[in-house]
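**Q** Fold the stuff below for me.
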Amino acid sequence: MARNSRAWRTPIAIAALVAGCAAPGEAPERPAHSVDGVRKVVDSLGTEIRKRTEDDPYRKLPVVVRTTTAANTGIEPMIAELLRTRLVDAGVTVEAACTPRCMEVSLQEFAIDTPRTTGLTPGQILFVGGGSIPFVGGLIRTFGEQQREQERAANRTTGVFVTFAAREGNRYTARSHVVAIISAGDVALERQ
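**A** Numbers count the residues shown, from 1 in each chain. This is a model prediction of the structure:
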């Protein structure tokens, strides 16, 4: 029996290595976003969208929430789905596509290098005036950078650049932007 168990150790170790299992003593992979930060962003954006549906030029328009990433990866699709559900639960009319008129909410994830003391908090909404964001250098992440962003997440601020657009067919009658902070500084938090 001892021979058989020794003979199985090598194949099991190789299978574990191929499957990507961590060796004993290795720390688990750190998430790029905290669950609490995502929840706060969904709460903040839900509140902001509800306020905008009561004010001109977005008054009483049905809402369409969409992501701008072609690959539909990252945190954007999750925030979009949670946001749609939150809005429907709050009684806001949410549609899958913009028909003749709608308020289109577009989400674009970003990550930037930041010092540890930024003063930003998860869920914070920053209003963008005139299209400039003072603390953001390279705002939009490219498709190939997503994996590298996860690896460098320890000193990163991550967020979602949100565009609100009132549309009538193919014409925009109003546009505005906000930035919603998902995490700031050390975001390598424990999994929950």
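
**Q** Can you tell me the SS state at D36?
**A** Recorded secondary structure, D36: helix (DSSP: H, G, I helix; E, B strand; the rest coil).

**Q** per-residue confidence for F164?
**A** pLDDT, F164: 95.

**Q** From the contact counts, what lies against the helix or strand harbouring R84?
**A** Secondary structure assignment for R84, by DSSP states H and E: helix 76-89. Packing partners of helix 76-89 (3 or more C-beta pairs under 8 Å, 6 or more residues apart in numbering; DSSP states H and E): helix 35-52, strand 63-67, strand 101-113. In short, each C-beta sits where N, CA and C put it, glycine included.

**Q** between the ones you listed, which gets nearest to G159?
**A** Closest to G159 of the helices and strands packed on helix 76-89, according to C-beta to C-beta: strand 101-113, at 5.9 Å.

**Q** what angle do the closest one and helix 35-52 make?
**A** 150 degrees (axes from the mean of the first three to the mean of the last three C-alpha atoms, to 10 degrees).

**Q** Next secondary structure after strand 101-113?
**A** strand 125-128.

**Q** Give the lowest-confidence helix or strand of the chain, using mean pLDDT as the measure.
**A** Least confident element among the helices and strands of the chain, by mean pLDDT, DSSP states H and E: helix 2-19 (a mean of 45).

**Q** before we move on, the earlier item: tell me the angle of the helix holding R84 relative to strand 101-113?
**A** Using the same axes, to 10 degrees: helix 76-89 against strand 101-113 is 140 degrees.

**Q** Touching helix 76-89 from outside, list them.
**A** Applying C-beta atoms under 8 Å, 6 or more residues apart in numbering, the contact partners of helix 76-89 are 38, 41-43, 45-46, 49-50, 63, 65-69, 94, 105, 107-109, 160.

**Q** Those residues, buried ones only, as a PyMOL selection?
**A** Only the buried entries of the contacts of helix 76-89 go into this PyMOL selection, using 16 or more other C-beta atoms under 10 Å:
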select buried, resi 38+41+42+45+46+49+63+65+67+69+94+105+107+108+109+160
